[in-house]
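Peer 1: quick one: sequence plus predicted model below, questions after.
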Amino acid sequence: MGTSGGTKQDAVSSPQAALGRRLGYVFRTPALLAQALTHRSVGVPNNERLEFLGDSVLNCTIAEALYQAFPRLPEGDLSRLRAHLVKQQTLYEIAQRLDLGSTVRLGEGELKSGGFRRPSILADALEAVLGAVFLESGFEAARDVISRLYQPLLTEIDPRTLGKDPKTLLQECLQGRKLALPKYTVIATTGEAHAQHFEVECSLEDLGVRSVGAGTSRRAAEQDAARQAYALIAAGG
């Protein structure tokens, strides 16, 4: 069984041991963690079945956390908040914080195409790791790991926004004021084709507000720009 305190850490490779420290959980079954970090492009066994398991554990844990945190919210609003917290982009951001990309095992083709940066691959790997924790140590251990990873998000989440992404929030805010919708313009693209970095400007012409967002995809950069623009409006900028 796995522990959250940690013994037999030297049985796990150095990058995996470092990941364990970031997770706050030390695996006692190195092969299980290795499988959780193995993409299907490598072959079999891979992390697809563990991802399925981790997805269910994650959804249950987040549902319980939201149920306890917001006792007056109706079922529909709780569902929307949960969907926001378990969606690919949120998982990808957590995986980046854990530097999961440095430990994922990929086939040659995925490795050459920069798969270790791809949101879908990192999000799936994170779910697989959570599934591996559950398989090794049970629900309580998995819930502890998830609670630590999600604590900042659960603290900051605003039920009034119902988990809406920044572009949606900004659009609804402008529509409510009968103002023109934002315009998004790519102002810079750098990096190789498999590892591009985008900068996008968000322009609110009626308010004279401009913000610049960055990300590893155009969509991510637009969301970052929208988030900054929405913050400026909220602050009276």
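Peer 2: Alright, I've got the coordinates.
Peer 1: quick check: residue 185 is in a strand.
Peer 2: Yes. Judged by DSSP: H, G, I helix; E, B strand; the rest coil, residue 185 forms part of a strand.
Peer 1: quick one: secondary structure of the closest residue to it other than its chain neighbours?
Peer 2: Of all residues not flanking residue 185 in the chain, residue 201 sits nearest, at 4.9 Å (C-beta to C-beta, 6 or more residues apart in numbering). Where you see a C-beta, it was placed from the backbone N, CA and C, and this is true even at glycine. At residue 201 the chain is in strand, as set by three-state DSSP.
Peer 1: so what's residue 201 bridging to?
Peer 2: For residue 201, the beta-bridge partners under DSSP bridges are residue 185, residue 212.
Peer 1: just list the residues touching it, thanks.
Peer 2: By C-beta atoms under 8 Å, 6 or more residues apart in numbering, the contact set of residue 201 is 184, 185, 187, 210, 211, 212, 225.
Peer 1: how far is stretch 166-186 from where the chain is centred?
Peer 2: Here the centre of stretch 166-186 is set off from its chain's centre by 24 Å, with C-alpha atoms, centre = their mean, to the nearest Å.
Peer 1: can you list the buried residues in that stretch?
Peer 2: By neighbour count with 16 or more other C-beta atoms under 10 Å, stretch 166-186 contains the buried residues 166, 167, 169, 170, 171, 173, 174, 182, 184.
Peer 1: ok, now stretch 223-237?
Peer 2: Buried residues in stretch 223-237, counted by 16+ other C-beta under 10 Å: 223, 224, 225, 226, 227, 228, 229, 230, 232, 233.
Peer 1: secondary structure element for the second one?
Peer 2: With elements delineated by DSSP states H and E, residue 224 resides in helix 218-234, which encompasses its position.
Peer 1: contacts for that helix?
Peer 2: Residues contacting helix 218-234 (C-beta under 8 Å, 6+ apart): 89, 165-167, 169-170, 173, 182, 184, 186, 198-202, 204, 207, 209-215, 237.
Peer 1: could you rerun that using 7 Å?
Peer 2: Helix 218-234 is contacted from outside by 165-167, 169-170, 173, 182, 184, 186, 198-202, 204, 207, 209, 211-215, using C-beta atoms under 7 Å, 6 or more residues apart in numbering.
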